[in-house]
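J.: with the sequence up front, the predicted model follows.
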Amino acid sequence: MAEVASDLEIRKKGLSILFKTLGEVDAMRFLSQITYEKRDYLKLQEELFKGMTVDEIYKRAKEHFEKK
């Protein structure tokens, strides 16, 4: 019989799949849409990229898409 994954393991796997499939920004947008808390997407994006230059954001995005 297969072992039952804990709730924490399921959340970790789910988040990993979301981030790999959708990327950081779209995964955050998705999560904000399915939670009951009202969130400001622009504020989330601002926090996610806080302290990063446009070049750094571009470099991370490019590396992410090259992995796919």
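T.: Yes, it's here.
J.: flag the shaky bits of this structure, pLDDT-wise.
T.: Within the chain, the set of residues satisfying pLDDT under 70 comprises 1, 36-39, 68.
J.: mind jotting down where the helices sit in it?
T.: 7-34, 41-48, 54-67 (DSSP state H).
J.: buried ones in the first one?
T.: In this case it means helix 7-34. 18, 23, 27-28, 31 (16 or more other Cβ atoms under 10 Å). Every residue, glycine included, has its C-beta placed from N, CA and C.
J.: for the second one, same thing?
T.: By neighbour count, and taking 16+ other Cβ under 10 Å as the criterion, helix 41-48 has no buried residues at all.
J.: what residue lies at the spatial centre of the protein?
T.: E24 (3.4 Å; Cα atoms, centre = their mean).
J.: not counting sequence-adjacent ones, nearest residue to that one?
T.: Among residues not flanking E24 along the chain, L48 sits closest, at 6.3 Å (Cβ to Cβ, 6 or more residues apart in numbering).
J.: I'd say the one you found and D26 touch.
T.: No: counting by Cβ atoms under 8 Å, D26 is not a contact partner of L48; they are 11.4 Å apart.
J.: quick check, A5 in contact with K13.
T.: Yes: under the criterion of Cβ under 8 Å, A5 is in contact with K13, at a separation of 7.5 Å.
J.: re the thing from before, just give me the closest of the buried residues of helix 7-34 to K67.
T.: Using Cβ to Cβ, G23 comes nearest to K67 of the buried residues of helix 7-34, at 10.9 Å.
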